[in-house]
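Engineer: here are the coordinates; sequence isn't available:
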């Protein structure tokens with residue numbers, strides 16, 4: 001088919017693919033998908049999107065299909081890769097003329113040329129850059145702009161390549177075209193500055209657009225194009241010239257008002273200048289050294305003096321502050337403690353910084369930051385009134401300092417204060433001194449200044465540790481401020497309670513806590529919502545603190561909990577509800593059981609909140625966290641929550657439901673603590689285990705919690721649980737054992753071992769498919785000690801606690817191995833004795849001794865043949881478990897437990913959960929904890945002696961090493 005007829009067919013299908021009707025759209029998409037790998041398809045697409053007479057939507061779609069094709073089929077090694085001939089034709093076609101009239105399509109074409117350049121330039125496409133440079137010079141406005149746009153995207157893409165060979169190519173390219181790029185940028189910039197006064201807005205915008213694009217190209221070349229940029233005159237000349245250009249552009253902003261169509265582009269260009277400096281400082285700190293002085297002078301004059309009045313705007317101030325911050329905090333400019341160890345470059349930069357940051361400069365910066373930039377603005381105060389919750393969650397934290405003014409000023413203050421704290425501490429203390437006593441509520445300016453100074457004292461808490469007697473200040477100044485209830489004083493009430501939160505972990509005497517709790521109780525009833533939310537935050541910091549003492553807190557618990565709960569109901573925004581829930585969770589977690597009398601209201605409200613938060617998964621995560629702490633606090637009483645709790649667990653851990661992506665981790669944690677605190681088994685609790693099988697298939701990082709949950713069910717009610725779910729569980733385990741790591745295998749086998757311990761009668765039958773591989777692992781001498789130890793633990797349980805099942809397993813394995821049963825048993829005992837050292841847990845070591853001894857008395861020649869090994873293991877077991885009673889001088893088995901032993905719970909320890917109690921009861925039935933190894937050996941040897949007679953027994957004992965016999969006799973004294 002020739003190109004023209006192919007174009008007609010493809011054009012028709014593309015037109016159908018732009019349809020809104022799915023009946024037309026779907027088949028067209030399918031057809032295009034099939035053509036993706038056909039030779040010639042992309043040539044047709046190129047023809048279509050470069051034909052300006054066609055419908056825009058069709059051309060747009062053609063460009064997108066072409067762009068996606070580059071990603072999939074352009075590389076030589078890709079399946080269905082494009083032929084070299086077609087690629088060559090396409091490359092030539094892409095740069096024939098830069099005359100695309102539609103902006104969005106022009107951008108897409110520029111991006112796809114850059115994608116091809118990333119793979120082919122310069123080796124397969126040496127003509128790209130020369131063609132672009134020629135096209136950028138033409139007089140035709142449209143072609144010049146489109147070529148510049150492409151030039152920028154190509155430079156940006158090539159600059160982002162990171163392999164050494166690619167970097168080398170980019171360095172070569174940069175040094176080759178840098179002069180041209182500089183003159184191009186200067187030309188467009190001068191044109192723009194000449195035209196600004198002409199009043200022809202269209203021409204001004206057009207030349208500003210070119211200035212911006214050529215500056216974007218220069219930014220990539222300057223930052224990424226040179227190994228040692230400070231050695232290149234042109235690069236440094238361009239960077240030094242930025243400050244002058246910035247001044248010219250800032251002056252332009254006087255004449256180009258905020259409503260002018262050029263304003264947005266002008267601000268973008270000004271910001272781009274600052275980005276060049278910031279990026280260059282980040283990538284080449286030492287090459288930046290000659291620019292430190294100019295950068296600081298420029299930024300400080302525009303941000304902290306009258307120079308900036310009338311020309312600066314918020315984003316520009318943020319960028320200048322970030323430039324100061326990056327210079328102040330730059331590790332490359334910090335000499336080591338021992339000056340001689342620092343490089344000359346570091347010392348030079350440090351010297352320039354020290355010369356600039358004199359006492360008057362630092363003082364002025366500090367004062368301006370606090371008394372100008374820290375002040376709450378008219379906008380913020382309006383937001384406080386109109387949207388209090390929005391005001392409290394204003395973005396802070398993370399990288400917000402890079403973009404937002406308030407976090408940016410605060411971070412700059414912290415960094416400068418940290419770096420020059422000896423100079424600045426007296427300045428801040430003096431500001432504090434002038435603000436003693438209460439402030440007149442009518443003087444709003446004074447209130448805002450005080451708010452700003454208190455903000456500074458909170459931010460600099462760590463630096464002021466030695467200079468401020470915070471306890472005295474708290475009692476004499478801050479507490480009285482919190483008691484001023486006038487509405488206009490609310491900024492200070494909020495600020496003071498925030499300030500205390502900042503100092504809590506720095507310096508705050510424990511004895512003063514009750515006074516603070518009293519104040520928190522009052523402020524949680526403040527008429528202003530912002531104050532209440534801030535108070536809740538400080539409460540969380542107080543409760544979370546290392547020196548928190550429950551006994552001091554308990555008298556206020558009921559009041560605080562009730563007020564926090566009221567706050568949770570009053571706030572409406574999802575973020576704020578989450579925040580208050582975290583505070584509640586924190587309180588519940590710290591006071592644990594003591595919370596029981598007060599949680600009724602919360603327990604009733606959470607189901608309603610859960611229902612309302614259907615669309616807000618993050619809020620649901622916060623509810624799950626709260627429930628986890630609640631269940632732990634309620635212990636066995638958490639059973640009353642099941643009607644709400646179990647459906648929540650069911651939904652959060654159901655992998656067929658979309659919310660599980662957000663809720664699974666917390667949902668599993670909640671499921672686990674619910675089981676651990678469950679006083680008894682319920683059918684509903686058993687039912688939600690249906691979610692487990694798909695979870696085990698996920699085999700993600702949540703597997704460990706899943707195994708803990710399965711163990712929880714085994715401890716709670718092994719019989720019902722195993723009868724209902726063991727078959728499916730066993731199947732999941734068999735699949736898991738084949739595909740997970742050795743650590744994962746050990747986790748699976750530990751669950752099986754646990755089931756055998758809890759229910760020795762039922763479990764071996766239920767997990768029967770797993771046991772042959774365990775047996776085989778022992779016989780073949782599994783090489784990983786931890787796995788071998790677990791195998792022996794599992795087999796020890798079967799041998800000791802279900803002998804008949806062990807016999808049938810031995811019989812089955814003898815058939816598989818095609819050996820006699822006795823011979824196989826002998827091999828197993830031999831391997832067990834040989835690998836006993838793999839077992840490190842004392843319980844398993846004692847279990848091994850008991851299990852092998854349980855084969856006695858026997859007249860079986862194989863067992864008698866291995867008698868020596870069995871005795872060796874038994875004596876090793878005695879060494880592990882026997883402790884000498886100093887009073888009587890006799891030995892006793894330290895693993896024996898009795899009902900009478902009640903462990904003492906100290907104040908700091910958590911009281912035992914229901915599951916802990918179940919484990920204790922289980923241990924009281926476990927042979928490892930109920931059978932005395934000493935007595936068991938004695939009885940088994942006695943029985944063997946009776947079976948063989950004195951002489952036969954003596955000759956059997958002679959097979960054992962005399963040293964071992966001596967140790968055995970010592971242990972068995974008194975029997």
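Structural biologist: Cool, the structure landed. Computed from a predicted structure; not experimentally measured.

Engineer: And the helices in the stretch 101-250 of the chain, which stretches?
Structural biologist: 103-120, 128-137, 141-159, 164-195, 201-224, 233-255 (DSSP state H, counting those that start in this stretch).

Engineer: Output the below-cut-off pLDDT ranges for the stretch 301-450 of the chain.
Structural biologist: 394-398 (pLDDT under 70).

Engineer: Could you export the helices of the stretch 101-250 of the chain as a markdown table, including mean neighbour count and mean pLDDT?
Structural biologist: The C-beta positions use only the backbone N, C-alpha and C, and glycine is treated the same way. Below are these laid out as a markdown table (neighbours: other CB atoms under 10 Å; pLDDT from 0 to 100):
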| stretch | mean neighbour count | mean pLDDT |
| --- | --- | --- |
| helix 103-120 | 19 | 93 |
| helix 128-137 | 18 | 89 |
| helix 141-159 | 22 | 92 |
| helix 164-195 | 16 | 91 |
| helix 201-224 | 21 | 92 |
| helix 233-255 | 16 | 92 |
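
Engineer: Minimum distance to residue 280: which of the ones you listed has it?
Structural biologist: Residue 280 sits nearest to helix 201-224 of all the helices of the stretch 101-250 of the chain, at 5.5 Å, using CB to CB.

Engineer: Centre of the chain to the closest one, how far?
Structural biologist: Helix 201-224 sits 38 Å away from the centroid of its parent chain (CA atoms, centre = their mean, to the nearest Å).

Engineer: try stretch 571-583
Structural biologist: 21 Å.

Engineer: List the contacts of it.
Structural biologist: 389-390, 392-393, 529, 533, 536-537, 539-540, 564, 567-568, 609, 613, 616, 618-619, 622-623, 625-626 (CB atoms under 8 Å, 6 or more residues apart in numbering).

Engineer: ok, of those, which come out buried?
Structural biologist: Buried by 16 or more other CB atoms under 10 Å: 389, 392, 529, 533, 536-537, 539-540, 564, 567-568, 609, 613, 616, 619, 622-623, 625-626, out of the contacts of stretch 571-583.

Engineer: Of the helices of the stretch 101-250 of the chain, which is nearest residue 492?
Structural biologist: helix 233-255 (36.7 Å).

Engineer: So for residue 458, which of the helices of the stretch 101-250 of the chain sits nearest?
Structural biologist: Among those, if distance is taken as CB to CB, the winner is helix 233-255, at 33.8 Å.

Engineer: Which positions in the very next helix or strand once past that closest one come out as buried?
Structural biologist: Using DSSP states H and E, the helix or strand that follows helix 233-255 in sequence is helix 263-283. Judged by neighbour count (16+ other CB under 10 Å), helix 263-283 contains these buried residues: 265-270, 272-278, 280-281.

Engineer: next one: stretch 381-388
Structural biologist: 383, 384, 388.

Engineer: host element of residue 883?
Structural biologist: strand 882-884.

Engineer: and that strand, how far from the chain's centre?
Structural biologist: 49 Å.

Engineer: now the strands for the stretch 251-400 of the chain?
Structural biologist: In the stretch 251-400 of the chain, no strands are defined using DSSP state E, counting those that start in this stretch.

Engineer: Can you list the residue ranges for helices in it?
Structural biologist: 263-283, 289-304, 314-329, 344-356, 359-368, 378-386, 388-392.

Engineer: from the chain's centre, how far out does the second one sit?
Structural biologist: Between the mean C-alpha location of helix 289-304 and the chain-wide mean there is a distance of 37 Å, by CA atoms, centre = their mean.

Engineer: Give me the helices and strands touching it, please.
Structural biologist: Applying 3 or more CB pairs under 8 Å, 6 or more residues apart in numbering; DSSP states H and E, we find helix 289-304 packed against helix 233-255, helix 263-283, helix 314-329, helix 344-356, helix 359-368.

Engineer: If we go by neighbour counts, what in the shortest one is buried?
Structural biologist: When burial is assessed from 16+ other CB under 10 Å, helix 359-368 yields the following buried residues: 361, 362, 363, 365, 366, 367, 368.

Engineer: cool, the third one as well?
Structural biologist: Neighbour counts over helix 314-329 (16+ other CB under 10 Å) mark 315-329 as buried.

Engineer: and it, what does it pack onto?
Structural biologist: Short answer (3+ CB pairs under 8 Å, 6+ apart): helix 314-329 packs on helix 263-283, helix 289-304, helix 405-419.

Engineer: will you turn these into JSON lines that also has distance to residue 162?
Structural biologist: Below are the helices and strands packed on helix 314-329 laid out as JSON lines (distance: least, CB to CB, whole Å):
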{"stretch": "helix 263-283", "distance to residue 162": "13"}
{"stretch": "helix 289-304", "distance to residue 162": "26"}
{"stretch": "helix 405-419", "distance to residue 162": "29"}
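
Engineer: Which of those helices sits closest to residue 515?
Structural biologist: Using CB to CB, these put helix 405-419 closest to residue 515, at 28.2 Å.

Engineer: other SSEs contacting the next helix-or-strand element following that closest one?
Structural biologist: Downstream of helix 405-419, the first helix or strand assigned by DSSP H and E is helix 421-433. Under the contact definition 3+ CB pairs under 8 Å, 6+ apart, helix 421-433 sits against helix 359-368, helix 405-419, helix 444-459.

Engineer: Let me have those helices in CSV, extended by distance to residue 913.
Structural biologist: Below are those laid out as CSV (distance: least, CB to CB, whole Å):
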stretch, distance to residue 913
helix 359-368, 54
helix 405-419, 43
helix 444-459, 40
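
Engineer: of these, which approaches residue 604 most closely?
Structural biologist: helix 444-459 (37.4 Å).

Engineer: Report the inter-axis angle for the closest one versus helix 378-386.
Structural biologist: 90 degrees (axes from the mean of the first three to the mean of the last three CA atoms, to 10 degrees).

Engineer: helices or strands up against helix 444-459?
Structural biologist: helix 405-419, helix 421-433, helix 490-503.

Engineer: To residue 975, which of the ones you listed lies closest?
Structural biologist: helix 490-503 (67.7 Å).

Engineer: which residues are in contact with the closest one?
Structural biologist: With CB under 8 Å, 6+ apart, helix 490-503 has contacts from 376, 381, 439, 447-448, 450-451, 454-455, 457-459, 461, 470, 474, 478, 481-482, 484, 508, 516, 519-520, 523, 526, 528, 530-531, 534-535, 537-538, 541-542.

Engineer: change it to 6 Å
Structural biologist: 447, 451, 454, 458, 461, 470, 478, 481-482, 523, 528, 530-531, 534-535, 538, 541 (CB atoms under 6 Å, 6 or more residues apart in numbering).

Engineer: Next: stretch 715-729.
Structural biologist: Counting by CB under 6 Å, 6+ apart, 681, 689, 693, 713, 758, 759, 762, 766, 915, 918 sit against stretch 715-729.

Engineer: what about it, average pLDDT?
Structural biologist: The average pLDDT for stretch 715-729 rounds to 89.

Engineer: just how off-centre is it within its chain?
Structural biologist: Worked out by CA atoms, centre = their mean, stretch 715-729 lies 35 Å from the chain centre.

Engineer: Now that stretch: buried residues?
Structural biologist: 715, 716, 717, 718, 721, 722, 724, 725, 726, 729.

Engineer: out of those, which are inside helices?
Structural biologist: When DSSP state H is applied, these are split such that 715, 716, 717, 718, 721, 722, 724, 725, 726, 729 fall in helices.

Engineer: which one of the residues you listed is nearest residue 947?
Structural biologist: residue 718 (36.0 Å).

Engineer: what about the residue nearest to residue 425 when sequence neighbours are not counted, neighbour count?
Structural biologist: Excluding the flanking residues, the one nearest residue 425 by CB to CB, 6 or more residues apart in numbering is residue 467, at 5.3 Å. Neighbour count for residue 467, taken as other CB atoms under 10 Å: 13.
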